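# Next one to model:
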Amino acid sequence: MQPNEIIKVPNRPISQELPARDVTRPAYVAKDGTPRNVPIAFTWNGSHIVMCTTKNAPGLPWPPRTGS
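Here you go, the predicted structure:
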């Protein structure tokens, strides 16, 4: 995706629908090489998307990394 295309993403219809949803389904590749799709609850706090899941969820580092 080119930088000039990125600024168009928030105006896409699906991007407008996202804040009205309460579950997202991020995908990742498991250690065995198979694709995984996990439903995760999320909310918008006004400046960040906050995703909530269990601390033993597969594919997530724990404890969470802090800072950038």
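# Neighbours of L18, how many?
Counted with other CB atoms under 10 Å, the burial measure for L18 works out to 13 neighbours. Where you see a C-beta, it was placed from the backbone N, CA and C, and this is true even at glycine.
# How about it: what's its closest non-neighbour residue?
Ranked by CB to CB, 6 or more residues apart in numbering and with sequence neighbours excluded, the top spatial neighbour of L18 is T24, at 7.8 Å.
# what ranges do the strands span in the chain?
Here the chain has its strands, by DSSP state E, at 23-24, 27-29, 35-37, 40-44, 49-52.
# Need these in JSON lines (columns: distance to S15 and mean pLDDT).
As requested, the strands of the chain are arranged in JSON lines below (distance: least, CB to CB, whole Å; pLDDT from 0 to 100):
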{"stretch": "strand 23-24", "distance to S15": "13", "mean pLDDT": "80"}
{"stretch": "strand 27-29", "distance to S15": "18", "mean pLDDT": "84"}
{"stretch": "strand 35-37", "distance to S15": "20", "mean pLDDT": "86"}
{"stretch": "strand 40-44", "distance to S15": "12", "mean pLDDT": "81"}
{"stretch": "strand 49-52", "distance to S15": "12", "mean pLDDT": "80"}
